[in-house]
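> how would this look folded up:
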Amino acid sequence: MAELTNKQNKFLRGLAHELNPVVKVGQHGVNEAAIKEISRCLADHELIKIRISCDDQEIFKATLSEIESACGAETVNAIGHTVILFKRAKQPKIELPRG
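Predicted coordinates:
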């Protein structure tokens, strides 16, 4: 999967502004059920917000990395405990700007 450009990233952040988190990951980390739900939501919507409840920044980064690799998603933005994830669908619903 090609990395998102700055223009595409900004576009997706704008689209995600009104979204609410659809999955909440607890402080004990991500489990198989959470991965399945995140994958399903990404397949349905392409762009989602999730919330990772974790006070340790290193654990937060490791959890996010695990989610990205398990789901094949890209992080668009992370503010506080809220993360915006994007995964292109085979039949895209979101048309990304070029460049």
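
> contacting residues around the residue nearest to the spatial centre of the chain?
Geometric centre of the chain, nearest residue: L85, 1.7 Å, by Cα atoms, centre = their mean. Taking Cβ atoms under 8 Å, 6 or more residues apart in numbering, we find L85 in contact with 38, 42, 47-50, 67-68, 71, 73-76. (C-beta placed from N, C-alpha, C; glycine too.)

> check E46 too.
Counting by Cβ under 8 Å, 6+ apart, E46 touches 86-89, 92-94.

> which among the contacts of L85 count as buried?
38, 42, 47-50, 67-68, 71, 73-74, 76 (16 or more other Cβ atoms under 10 Å).

> out of those residues, who's nearest E3?
Distance to E3 across the buried ones among the contacts of L85 (Cβ to Cβ) is lowest for E74, with 7.3 Å.

> show me what the closest one bridges to in the sheet.
When assigned by DSSP bridges, E74 has beta-bridge partners F86.

> pLDDT value on it, please?
E74 is assigned a pLDDT of 96 by the prediction.

> distance of it relative to L15?
14 Å (Cβ to Cβ, to the nearest Å).

> do L64 as well
Applying Cβ to Cβ, the value for L64 to L15 is 20 Å.

> who's more crowded, the two?
L64 (20 against 14; other Cβ atoms under 10 Å).

> average pLDDT across whichever strand or helix holds the more buried one?
Following DSSP states H and E, one finds L64 within helix 57-71. The pLDDT scores in helix 57-71 average 94.

> restricting to C-alpha, output that helix in PDB.
This file holds the C-alpha atoms of helix 57-71, laid out as PDB (Å, rounded to 0.1, in the frame of the first residue of the first chain):
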ATOM      1  CA  GLN A  57       3.200   6.300  25.300                       C
ATOM      2  CA  GLU A  58       5.400   3.300  24.400                       C
ATOM      3  CA  ILE A  59       2.600   0.900  25.000                       C
ATOM      4  CA  PHE A  60       0.300   3.200  23.000                       C
ATOM      5  CA  LYS A  61       2.700   3.100  20.000                       C
ATOM      6  CA  ALA A  62       3.100  -0.600  20.200                       C
ATOM      7  CA  THR A  63      -0.700  -1.200  20.400                       C
ATOM      8  CA  LEU A  64      -1.200   1.100  17.400                       C
ATOM      9  CA  SER A  65       1.500  -0.600  15.400                       C
ATOM     10  CA  GLU A  66      -0.100  -4.000  16.100                       C
ATOM     11  CA  ILE A  67      -3.400  -2.700  14.900                       C
ATOM     12  CA  GLU A  68      -1.900  -1.300  11.800                       C
ATOM     13  CA  SER A  69      -0.100  -4.500  10.800                       C
ATOM     14  CA  ALA A  70      -3.000  -6.800  11.700                       C
ATOM     15  CA  CYS A  71      -5.600  -4.700   9.800                       C
END
